[in-house]
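1. A structural model of the following input is requested.
(one chain, ligands or ions: 2)
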Amino acid sequence: MIEIKDLHKSFGTQRVLKGVNLKIEEGQVTAVVGRSGGGKSVLLKHIVGLIKPDRGSIFIRGQDITKLSGKRLDEIRSQIGVVFQGGALFDSLTVYDNVAFPLVEKGKLKKEEIHKRVIKALSDVGLQGMEYKYPAELSGGMRKRVALARALISEPKIILFDEPTTGLDPILVRTIHKLIRQAHEQYGFTGLIISHEIPEIFEISDKVAMLHDGKIIEVGTPEEFQKSENPYVKNFIMGLEEQEDRL
Ligand SMILES: Nc1ncnc2c1ncn2[C@@H]1O[C@H](COP(=O)(O)OP(=O)(O)O)[C@@H](O)[C@H]1O
Ligand SMILES: [Mg+2]
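-> Residues are numbered from 1 along each chain as shown. Ligands and ions are numbered 1, 2, ... in the order given. This is a model prediction of the structure:
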């Protein structure tokens with residue numbers, strides 16, 4: 001579904017991605033973990049075509065999107081939903097209008113159809129009755145749900161989540177993860193979740209990959225990943241990543 005090949009990206013003299021290789025299988029949920037500042041969001045932005053690599057390719061259903069621009073890139077993008085880090089809701093819009101936004105922007109559906117979909121997406125994430133609230137009136141967990149509903153509304157084939165649970169307490173992390181899993185079963189999208197929720201992320205992923213020093217250094221099922229012999233992986237799982245300089 002998505003194949004990332006030898007992806008390189010520097011900002012000035014800072015080399016962030018140094019040859020990332022990763023296959024994201026159709027219909028699966030793949031998690032990318034790694035320490036903060038390691039380039040996970042940069043990687044995600046490449047997949048939506050928001051950043052162009054210095055070198056390498058990203059194939060989405062066989063098409064190298066790093067070579068596309070304009071209409072053809074927009075076409076691929078319209079099949080991808082994104083939940084950005086922090087949710088990126090519009091503060092001046094109600095929950096309803098935030099969720100409806102991608103459909104209204106596309107301008108293809110009638111008002112009644114949009115209404116039906118918004119109500120369904122909100123109920124799928126447990127936010128029925130919240131249509132006319134503003135983001136500022138919602139709790140952190142509720143804002144994450146709105147962001148999820150907005151990603152689901154256009155029923156995209158691919159959904160990318162950039163740390164969808166940051167800042168939530170462990171119980172809410174599990175609740176949001178459960179919602180993502182439920183939505184995955186219902187909508188059947190191919191999912192990529194950037195996360196540092198260890199161990200919770202293992203419960204909802206089919207594959208876990210670790211980005212370290214600009215490369216994917218491990219990938220496997222959650223069981224395989226947790227048995228990894230790679231010292232960086234082991235330390236990351238144990239929450240010792242800040243000590244890795246001592247390795
Ligand atoms: N547009 C940009 N311009 C310059 N530097 C950037 C840009 N985006 C990200 N970076 C840098 O790239 C590194 C990786 O960032 P990021 O992908 O956000 O890390 P994370 O793994 O925490 O998501 C950071 O050092 C960040 O400052
Ligand atoms: Mg990030």
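
2. Helix, strand, or coil at the closest residue to Pro135 other than its chain neighbours?
-> Computed as Cβ to Cβ, 6 or more residues apart in numbering, the closest residue to Pro135 that is not its neighbour in sequence is Leu89, at 4.5 Å. In this view, the C-beta of every residue, glycine as well, is placed from N, C-alpha and C. With DSSP: H, G, I helix; E, B strand; the rest coil as the basis, Leu89 sits in coil.

3. Quick check: closest non-adjacent residue to Val20.
-> Closest to Val20 by Cβ to Cβ, 6+ apart is Leu7, at 4.2 Å.

4. so that neighbour sits in a helix?
-> No - using three-state DSSP, the secondary structure at Leu7 is strand, not a helix.

5. And it, how far from Ser205?
-> Here Leu7 is placed at a distance of 21 Å from Ser205 (Cβ to Cβ, to the nearest Å).

6. what's the answer for Leu73, then?
-> Taking Cβ to Cβ, one finds Leu73 at 28 Å from Ser205.

7. More neighbours: which of those two?
-> Neighbour comparison, Leu73 and Ser205: the larger count goes to Ser205, with 24 against 16 (by other Cβ atoms under 10 Å).

8. Need the phi and psi values for the more buried one.
-> phi -100, psi 150 (degrees, to the nearest 10).

9. who touches the residue nearest the centre of the chain in this structure?
-> Nearest residue to the geometric centre of the chain (Cα atoms, centre = their mean): Phe161, 1.6 Å. Applying Cβ atoms under 8 Å, 6 or more residues apart in numbering to Phe161 gives the contacts 82-83, 151, 180, 191-195.

10. Closest one of these to ligand 1?
-> Ile194 (6.7 Å; Cβ to the nearest ligand atom).

11. doesn't Glu185 fall inside a helix?
-> Yes - according to three-state DSSP, Glu185 belongs to a helix.

12. From Gly27, how far off is it?
-> Distance, Glu185 to Gly27, by Cβ to Cβ: 11 Å.

13. what's the answer for Ile193, then?
-> In this view, Ile193 and Gly27 are 14 Å apart by Cβ to Cβ.

14. These two: which is more packed in?
-> Ile193 (25 against 12).

15. Now stretch 14-25: buried residues?
-> Of the residues in stretch 14-25, 16-17, 20, 22-24 count as buried by neighbour count, 16 or more other Cβ atoms under 10 Å.

16. that older thread, just checking, the residue nearest to Val20 touches Val16?
-> No - counting by Cβ atoms under 8 Å, Leu7 does not reach Val16; the two are 10.0 Å apart.

17. Give me the sheet partners of the host helix or strand of Lys18 and which way each runs.
-> Per DSSP states H and E: Lys18 is located in strand 14-24. Strand 14-24 has its sheet partners listed here by DSSP bridges as strand 2-11 (antiparallel).

18. CA atoms of the strand it pairs with as CSV?
-> Taking C-alpha atoms only, strand 2-11 is exported to CSV below (Å, rounded to 0.1, in the frame of the first residue of the first chain):
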residue,chain,number,x,y,z
ILE,A,2,2.7,2.4,1.1
GLU,A,3,6.4,1.7,0.4
ILE,A,4,9.0,4.1,1.5
LYS,A,5,12.4,3.6,-0.1
ASP,A,6,15.7,5.1,0.9
LEU,A,7,14.2,8.4,2.0
HIS,A,8,16.7,11.1,2.9
LYS,A,9,15.9,14.6,4.2
SER,A,10,18.1,17.3,5.7
PHE,A,11,17.3,20.7,7.0
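
19. Any part of that strand near ligand 1?
-> Yes - counting by Cβ under 6 Å from any ligand atom, ligand 1 is contacted by strand 2-11 at Phe11.

20. Need the contact partners of that strand.
-> Contact with strand 2-11 is made by 15-24, 39, 42-43, 46-47, 51, 53-60, 158, 190, 192, as judged by Cβ under 8 Å, 6+ apart.
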